[in-house]
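>>> With the input below, show me the fold.
(2 chains)
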Amino acid sequence: MRILGTLIAPTSGSAMVAGFPLTQASAAEIRQRISVMPEAPGLYRRLTVTENLEFFARLYGLAHREARIKESLAAVNLSDRANDSCGSLSKGLRQRVALARTLLSDPAVMFLDEPTTGLDPVAAHEVHGLIAALRDRGVTVFLTTHRLDEAERLCDRVAIMNSSLRTIGRPDELRQALFSRSLAVRTAKPLARPDQVFAGLSAVHGWRAAGPAGGGLAGLSAVQGWRVTDPPGGDAAGGDPAAVGTAGYLLTVTDPAQAAPGVTRALVAAGADVLSITESRHTLEDVYLELINDQEGQS
Amino acid sequence: MMSINAARVGAVIRKELTEFRRSRFVVATMVVVPLVFLVFPTVAILAQHPAGPSASLDQGVGFFLTYLLVIPVLIPSTIAAYSVVGEREQGTLEPMLTTPVSREEILIGKAAAVLIPSVGIAYLVLGIFLAVLRFGADPLVAAAVWHSPYLLAQVFFIPLLAGWAIWICLAISSKASDIRVAQQLGALASLPPIALTLLLSYQVINSTLILAASLVGALLVIDCAAYLLVSRLFDRERLVSGTKPGSA
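Numbering: from 1, shown residues only, chains lettered A, B, ... in the order given. I've put the predicted structure just below:
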């Protein structure tokens, strides 16, 4: 991020930032069009919120500074703290002031380094909302984070790095590249002949029992709408009485939307009490872990 | 040639002065140092009653006036030493360096923000000293001060000595990784001009017009060279990563 923010010279490779090549000659042009929010808010604690923003507005040479400052503060819901000293603000509020500072110049590209580090869930949620709003306004937001749920929620494209760049793409593309698509089926009781139920379905390529009775859902850290099943008569693994006696199956499919109606019909025809049929979604965390496992396996 | 944007320099000056005004340490330095260096020469010169030859009176006057020159060295060295390393420790340097402001604009702004109050206070102290003389000292002593060549030297030496201290301390501040180290080194760096001032005060070195002119010229050259040196040291990459550009 420091390289793209023109703070550190690149040692190799090339990049374009805001339409300019990343070179010493175009560094000033790039800085005029970007804004960077480092991990630490970096506010002058003896200055008020407005004074901090005014200083940066002058550095950017902004016209109508007062209006821009008001707009930026309104965007981060800090209008009522405009005259507070930054030293008196909580970490979450300082993070919001730093975000307001990045908004000041209406940049073409915003670099945000771990914007929610140290924030409580409410403050983090607000920051997420702000970033999503910026994205929707067409601002290019370059976000670095260790929180994969944050990346999943906010990012159109994700690059996963572990010492070096491991992969880059849209979250769905990354999932599809690493994992086959699947449907998670839950029934009230185990099927008597699951082979017969699933074997004849053209969109289903394979199946396996899921949950403790049949191999578990260990590979799926976030199967939506799923409860891990327990062996009949055993203690519920998660302590959930509703899961006792139910059965789970994981079906490998080409397209969950196409396969789901046929699977439903087959289950009903077999007399099964269907509790749920959902597309199992792998999270970015699954993608990350899979990539790291691959890397460790190769080394 | 890098063009300097006056508005950005002004923004840096304004920000620095606001911070100084709200820093107890800076305010205390700006009050205590001048008081300490004003009280002794004022009391001493008020106690002067010329009975001997006028040459010894002139020497005494020269001593007290030269003594006041410590102020424009000590005040900026304390404040300027904090200037860059303080920002780095606060984490404020990195956001500023990602804006369109150039390093020359930052440096000139920071230097001017220290120079303005330092020189202002030094001239104010000189003014108070002269006013006290005018109304409290023996008329012969007062006349000796007003006609002393040292008085004219004060006018030139105050900004030049302050400039010397500022650039040297900004250089130290750009290289240092700790505020205390920067301030200690800054105090050390202010010793040579203070030593020279005291040598002149105690007339170990005979002050002549040629010497004064030479010192003015030398300080001008040193100030310009120091600015160029600090400008080279003030590299974005070095300041952010702590390593020399291209050394990775």
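>>> low pLDDT regions in the chain?
This is for chain A. Judged by pLDDT under 70, chain A has its weakly predicted residues at A:211-244, A:295, A:297-299.
>>> oops, I was thinking of chain B
B:1-2, B:51-56, B:59, B:201-203, B:242-248.
>>> So which bits of it are right by chain A?
Contact residues, chain B versus chain A (Cβ under 8 Å from any Cβ of the partner chain): B:5, B:7-8, B:10-11, B:14-15, B:18-19, B:22-23, B:90-102, B:236-237, B:240-241, B:245-246, B:248. For glycine as for every other residue, the C-beta is placed from the backbone atoms N, C-alpha and C.
>>> Buried subset of the residues you listed as a ChimeraX selection?
Buried residues among the residues of chain B next to chain A (16 or more other Cβ atoms under 10 Å in any protein chain shown), as a ChimeraX selection:
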select /B:5,8,11,14,15,18,19,23,90,92,93,94,95,96,97,98,99,100,101,102,236,237,240
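>>> which residues are contacting stretch B:81-91?
A:38, A:40-42, A:44-45, B:16, B:93, B:96, B:110, B:114, B:169-170, B:172-174, B:176-179, B:182-183, B:185-187, B:234, B:239 (Cβ atoms under 8 Å, 6 or more residues apart in numbering or on different chains).
>>> what are the ranges of the helices in the chain?
Because you didn't say which chain, this covers chain A. For chain A, the helices defined by DSSP state H cover A:27-33, A:49-59, A:65-75, A:91-103, A:121-136, A:148-154, A:171-178, A:194-199, A:256-269, A:284-298.
>>> if you could check chain B rather than the one you did, that'd help
B:6-21, B:24-46, B:54-67, B:71-90, B:93-97, B:103-136, B:139-146, B:149-175, B:179-189, B:191-201, B:209-233, B:236-241.
>>> For the stretch 101-250 of chain A, give the residue positioned nearest to chain B.
residue A:101 (6.9 Å; Cβ to the nearest Cβ).
>>> Without its sequence neighbours, what residue ends up closest to that residue?
Excluding the flanking residues, the one nearest residue A:101 by Cβ to Cβ, 6 or more residues apart in numbering or on different chains is residue A:56, at 5.3 Å.
>>> Please report how far the one you found lies from residue A:68.
From residue A:56 across to residue A:68, the span is 10 Å (Cβ to Cβ, to the nearest Å).
>>> list residues touching both of those two?
Counting by Cβ under 8 Å, 6+ apart, the residues touching both residue A:56 and residue A:68 are residue A:104.
>>> So between those two, which is more surrounded?
residue A:56 (25 against 19; other Cβ atoms under 10 Å in any protein chain shown).
>>> Quickly check: stretch A:115-125 near chain B or not.
No. Applying Cβ under 8 Å from any Cβ, one finds stretch A:115-125 separated from chain B by no less than 12.9 Å.
>>> Sorry, slip of the keys, the one I care about is stretch A:25-33.
Yes. Using Cβ under 8 Å from any Cβ, we find that stretch A:25-33 touches chain B at A:28, A:31, A:32.
>>> which outside residues touch that stretch?
A:6, A:17-20, A:22, A:60, A:105, A:107-109, B:98-100, B:102.
>>> contacting residues around the residue nearest to the spatial centre of chain B?
Central residue of chain B (Cα atoms, centre = their mean): residue B:162, 2.4 Å from the mean position. When contacts are counted by Cβ under 8 Å, 6+ apart, residue B:162 touches B:72, B:73, B:75, B:76, B:114, B:115, B:118, B:119, B:122.
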